[in-house]
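Asks: Sequence plus predicted model, see below.
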Amino acid sequence: MKLRSRTSTATSGTLVSTGIDYASLVPRAHTLTVGQLADDIGTSITEGLSRDEAFRRLETCGPNVLEGDEGVSAMEVLIKQLANALTLVLVAALALSFGVQDWVEGGVIGAVIILNTTVGFVQEYRAEKTMDSLRQLSSPTAFVIRNGESMAIPAKDVVPGDIIMIKAGDVVSADLRLVSVSNLELSEQLLTGESVPVAKSDETFKKEDIDLPIGDRLNLCYSSTIVTKGRGVGIVVSTGMNTQIGRIAEAISGKKSSQNQDADPEHFSKRARTKIMGWLYVFSQYQSSWFHETLRGLSTGTLLQIKLNKLAYVLFGCAILLIIIVFAVARFSIDESVILYAIAAALAIIPESLVAVLTLTMAIGTKRMAKEHVIVRKLDALENLGGVTDVCSDKTGTLTLGKMSVRKLWLAGDVNNTVEYVADTANDALDPGGGVVRMESNNVVVSPGSLHEGLSQAVRIAALCNVATIHKNMNGEWKSTGDPTEVALQVFAMKLGLGRTTLTRDSMDENELIEKDIDVEEQGSMPKRFELKLEHPFSSELKRMSTIYWDNEEKQTICLIKCAMERILDLSTSYIPSPIEDPFTVAPMTAAVKSAFHAKAEELASQGLRVIGMGKRTLLLDDAASIAREEAERNFTFVALAGIFDPPRPETLGAVRAFKGAGIVVHMLTGDHLTTARAIGESVEIIMPDAPKSAVMTAADFDKLTDEEIDALPELPLVISRCAPETKVRMIHAGKRRGKHLSMSGDGVNDSPALKLAPVGIAMGMAGSDVAKDASDLVLTDDNFDSIRVAVREGRRLFLNIQRFILHLLTTNVAEVVLLIVGLCFIANDGITSVFPLSPLGILWINMV
């Protein structure tokens with residue numbers, strides 16, 4: 001087998017992908033090795049496709065979408081325009097005018113209805129189209145490797161041969177052949193009907209297994225399925241209608257050739273009848289539910305929706321009341337002149353241009369926000385933003401840059417035997433250049449080739465209990481994949497020559513992936529010291545991650561852990577008293593020792609550093625892959641603390657001040673340690689030095705409080721540390737009980753309930769999962785806290801403009817009504833009819849112009 005002859009599509013933009021039959025690869029993808037599939041489909045596991053090659057394949061294969069989604073329905077928009085309360089009043093006036101055979105007035109009212117409906121239809125249709133296109137920006141994204149660097153792209157731009165990385169909460173964007181997996185499980189209920197998640201593997205099936213049912217092809221992931229656990233990397237083998245879900249959609253729709261459909265007159269007439277019946281059904285359904293929905297709208301919906309619903313009812317009632325008043329003055333002796341006067345009075349109270357202006361205002365607001373990196377997924381979010389009183393934000397990547405770097409590493413030990421190291425951080429947080437200095441030895445720079453065992457133990461934990469990757473792209477720029485905290489730890493390990501790739505086989509090393517399919521004898525003599533047996537991914541509830549490795553040098557199984565400081569102390573039963581002199585001797589963890597370690601953690605946290613604890617243990621098990629998480633994560637030896645710095649964004653302080661100036665309270669809900677959270681909160685002025693004790697709380701303390709105790713607090717906490725998803729939900733409920741209108745940001749799968757419950761749910765576009773985006777109202781494409789400020793400002797401006805416009809309209813309408821009512825007091829020369837101060841045509845002219 002030729003393993004090194006693959007043409008790299010990442011090295012230049014000159015390769016043209018001709019002659020690749022993607023369809024022929026799909027049925028046998030699960031029986032091909034990773035190397036074979038990469039050769040056949042023309043891609044590189046580590047570099048992916050080049051941008052030019054990806055563009056060519058997108059033109060050849062088409063966008064990665066399912067056909068049949070018609071998008072915005074023009075007929076539904078038109079029916080909505082005709083079925084609103086204000087238009088119905090005009091229709092009633094039209095009927096009365098024609099009823100008394102006033103053709104001129106009826107014609108003008110009809111023209112107004114047509115003009116109002118046309119303008120409203122055009123504007124709302126454009127707005128819906130705009131919203132539809134903007135929603136595409138926040139639709140499921142795919143993290144691909146192109147030109148050697150990872151990037152997020154819209155799922156519709158994925159092409160065969162792309163290398164895709166998936167994690168818990170993602171919606172798989174295409175059919176994939178898995179390259180590497182780590183505890184990967186997917187929900188394939190949409191495809192197979194099975195409700196239990198399926199554990200995936202990257203093992204190649206035998207050629208005789210080519211006809212396996214799709215549910216048994218465990219090395220394949222299918223489009224539209226959801227990742228419930230773990231992570232993985234795969235090669236795209238099919239997209240769009242060529243995926244398994246696309247074939248099902250095609251079979252359900254039963255589509256024939258469009259040429260045959262157009263040529264068949266019987267089919268054309270049948271299709272026309274179906275369309276007409278569909279429109280009638282939509283209209284009848286809209287009308288039947290209109291009364292129920294509008295009644296419900298009096299008490300539910302956004303602030304603006306509730307007010308406008310009430311306004312519509314009041315105006316509708318006023319129109320009827322005015323007609324009754326006119327008839328009563330005429331003593332119900334109704335003739336043509338009385339009817340015309342009643343029509344004039346009813347028209348006077350109706351702001352005919354309200355619907356069109358509201359739609360236009362919403363559309364313009366949506367476009368403006370898209371330019372400011374805020375994608376509006378739900379139109380009512382614009383209205384909700386105008387009423388926001390509190391903003392609840394994450395810290396990492398939102399208030400801060402998300403460019404983390406390890407500043408300090410502290411080796412735990414007895415009082416006189418602890419060692420602290422300080423890393424030299426370059427301008428580029430991903431650059432593993434720069435030295436590491438030992439503080440206790442006259443600032444001597446540590447040589448990567450001569451690390452003592454105590455330091456090596458800590459650095460190995462940082463590198464191996466880690467799934468981030470660091471590499472240089474073709475332009476010589478350092479790029480990374482993974483969580484920013486893990487990236488920082490991996491960069492630190494690389495500074496000292498102990499990066500993950502030097503210790504174990506990396507899941508994204510192309511040579512390793514190819515050798516995976518070769519016999520051991522052919523691999524040569526380059527074994528790595530550690531072999532990954534099991535990974536327990538980071539859990540937002542447990543605040544920890546652990547990995548289990550087989551150590552080929554020591555011939556033992558080890559479990560490595562990194563987690564929150566307080567968690568590692570609870571899980572540790574021993575420590576190393578002298579990490580430099582005797583790194584292999586441990587001692588029991590006493591209360592005094594634990595207190596000293598906790599004090600050091602507080603010292604690091606007070607410097608604004610995120611503190612990560614690290615530990616290790618030996619497992620006396622032959623089959624470590626079967627051990628339960630609860631069994632593995634206990635009885636650790638505490639090794640070290642890492643202090644990671646994540647600088648606040650330059651614009652964050654100004655945004656917080658702007659919020660305060662607008663009367664909006666900013667809350668920071670973070671997973672960091674309490675002291676770290678307080679330091680960052682003070683640096684961006686979320687909390688002031690003289691803030692009360694209740695302004696800063698841990699999630700554990702907040703969750704212990706009953707609803708009554710929370711309501712008794714002077715104010716809701718400004719900073720909550722070690723925040724769990726459930727804490728965010730309680731925060732929203734507490735705000736609602738106080739009459740506050742909160743926005744809540746989040747990025748993880750577990751944040752979805754809080755995002756859905758919050759009046760304004762804001763998901764992160766770059767770091768957020770697809771599940772979180774689906775539950776949100778807004779998506780920040782740059783994950784920037786200042787974008788929230790822009791969104792709130794735009795929401796308030798929109799809300800204020802609508803209020804001003806309504807006030808302007810109603811002022812005119814009220815003046816007209818007063819004039820008409822006063823006119824009832826005057827009798828014409830015939831002694832019978834009332835004076836007409838304004839004709840219906842004049843009223844329409846004033847209202848429309």
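Replies: Now that the structure is in, tell me what you want to look at.

Asks: what's around residue 712, how many residues?
Replies: 9 (other C-beta atoms under 10 Å). Where you see a C-beta, it was placed from the backbone N, CA and C, and this is true even at glycine.

Asks: Confirm that residue 502 sits in a helix.
Replies: Yes: the assignment for residue 502 by DSSP: H, G, I helix; E, B strand; the rest coil puts it in a helix.

Asks: quick one: contacts for it?
Replies: Taking C-beta atoms under 8 Å, 6 or more residues apart in numbering, we find residue 502 in contact with residue 528.

Asks: distance of it from residue 633?
Replies: 26 Å (C-beta to C-beta, to the nearest Å).

Asks: so where's the longest helix in the chain?
Replies: Determined from DSSP state H, the single longest helix within the chain is helix 785-823.

Asks: how much distance is there from that one to the middle of the chain?
Replies: 32 Å (C-alpha atoms, centre = their mean, to the nearest Å).

Asks: tell me which residues of that helix are tucked away?
Replies: For helix 785-823, burial by neighbour count (16 or more other C-beta atoms under 10 Å) applies to 785-796, 798-799, 802, 805-806, 809-810, 813, 816-817, 820-821, 823.

Asks: worst-scoring helix or strand of this protein, pLDDT-wise?
Replies: Lowest by mean pLDDT, DSSP states H and E among the helices and strands of the chain is helix 258-263, with a mean of 44.

Asks: first vs last residue of stretch 602-615, how far apart are they?
Replies: One end of stretch 602-615 sits 18 Å from the other (C-alpha to C-alpha, to the nearest Å).

Asks: Return the residues in contact with residue 419.
Replies: With C-beta under 8 Å, 6+ apart, residue 419 has these contacts: 410, 411, 413, 438, 439, 440, 454, 455, 579, 580.

Asks: if you set the cut-off to 10 Å instead, what comes out?
Replies: By C-beta atoms under 10 Å, 6 or more residues apart in numbering, the contact list for residue 419 reads 409-413, 438-441, 452, 454-455, 458, 578-580, 640.

Asks: got it, and residue 148?
Replies: Counting by C-beta under 10 Å, 6+ apart, residue 148 has contacts 8, 10-11, 44, 46-48, 50, 471-475, 477, 479.

Asks: so which of these is the most crowded?
Replies: Top of the contacts of residue 148 by neighbour count (other C-beta under 10 Å): residue 48, with 26 neighbours.

Asks: Would you map the helices across the stretch 551-700 of the chain?
Replies: Here the stretch 551-700 of the chain has its helices, by DSSP state H, counting those that start in this stretch, at 565-571, 591-605, 629-632, 652-661, 674-683, 699-704.

Asks: Check which helices and strands the third one sits against.
Replies: What that stands for is helix 629-632. For helix 629-632, the helices and strands in contact under the criterion 3 or more C-beta pairs under 10 Å, 6 or more residues apart in numbering; DSSP states H and E are strand 530-539, strand 544-551, strand 556-564, strand 609-619.

Asks: One more: the fourth one?
Replies: Helix 652-661 makes packing contacts with strand 390-393, strand 665-669, helix 674-683, helix 785-823 when contacts are defined by 3+ C-beta pairs under 10 Å, 6+ apart.

Asks: one more time with 8 Å, if that's ok
Replies: Helices and strands touching helix 652-661, by 3 or more C-beta pairs under 8 Å, 6 or more residues apart in numbering; DSSP states H and E, are strand 665-669, helix 785-823.
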